[in-house]
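Student: give the three-dimensional model of this entry:
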Amino acid sequence: MRQGSVILKVDGLDAAYGRAQVLFGVSLSLDRGETVALMGRNGAGKSSTLKAIMGLLPARAGSIQFAGQEISRLPTYRIARLGLGYVPEERRIFTDLSVFENLQVGLRGPPQAGRRPWTPERLFSIFPNLAEMRGRQASQMSGGEQQMLSIARTLMGNPDAILLDEPTEGLA
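Tutor: Sure thing, here's the model as predicted:
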């Protein structure tokens, strides 16, 4: 896929928690290499939109395409295998594992041809605090440090795109 081409396209997305509809006709598009922010007040549907894209919240209507493939009915693990990374608001790190072990859990196959793979050493150069804590149990980290770890673990999967839900939560 070339630079600037559409990697994620959402069109007319409706989703609900049980009988309570929370998304009404959401549409957005993300080009490769582009950064897009969903902004809005609490309860506006930002997190629900990301959950629906990742298959964690079932889509009732609309289309979600990633890298040209319809994903709105795929299970979450298949969406991740296609190369869409997700850092949830709740972080979801493995608190009983060390920083390094958490990174190993995120390891997935090689990146697309021509792209440099994410490795622990490469991530430690971006997140030097994690390098200093590589052997520390994740439960011993601050909220901001856990957030860095969650982002780094997602990058270890060599995703083509990443959805970050509340990436600054827990940062001082």
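
Student: hmm, what's the outermost residue in the chain?
Tutor: Largest separation from the mean C-alpha position in the chain: Arg19, at 26.3 Å (CA atoms, centre = their mean).

Student: okay, and the beta partners of Glu70?
Tutor: Note on Glu70: beta-bridge partners by DSSP bridges are Gln65.

Student: how close does it get to Met54?
Tutor: In this view, Glu70 and Met54 are 14 Å apart by CB to CB, to the nearest Å. Every residue, glycine included, has its C-beta placed from N, CA and C.

Student: the two: which is more packed in?
Tutor: Ranked by neighbour count (other CB atoms under 10 Å), Glu70 and Met54 place Met54 first, with 22 against 11.

Student: which residue, other than its chain neighbours, is closest to that one?
Tutor: Spatially, and ignoring its direct neighbours in sequence, Met54 is nearest to Tyr86 (4.9 Å; CB to CB, 6 or more residues apart in numbering).

Student: report the secondary structure element holding the one you found.
Tutor: strand 84-87 (DSSP states H and E).

Student: Ala16 too?
Tutor: Assigned by DSSP H and E, Ala16 falls within strand 6-17.

Student: tell me the helix or strand right after that strand.
Tutor: Going down the chain from strand 6-17, the next helix or strand is strand 20-31, by DSSP H and E.
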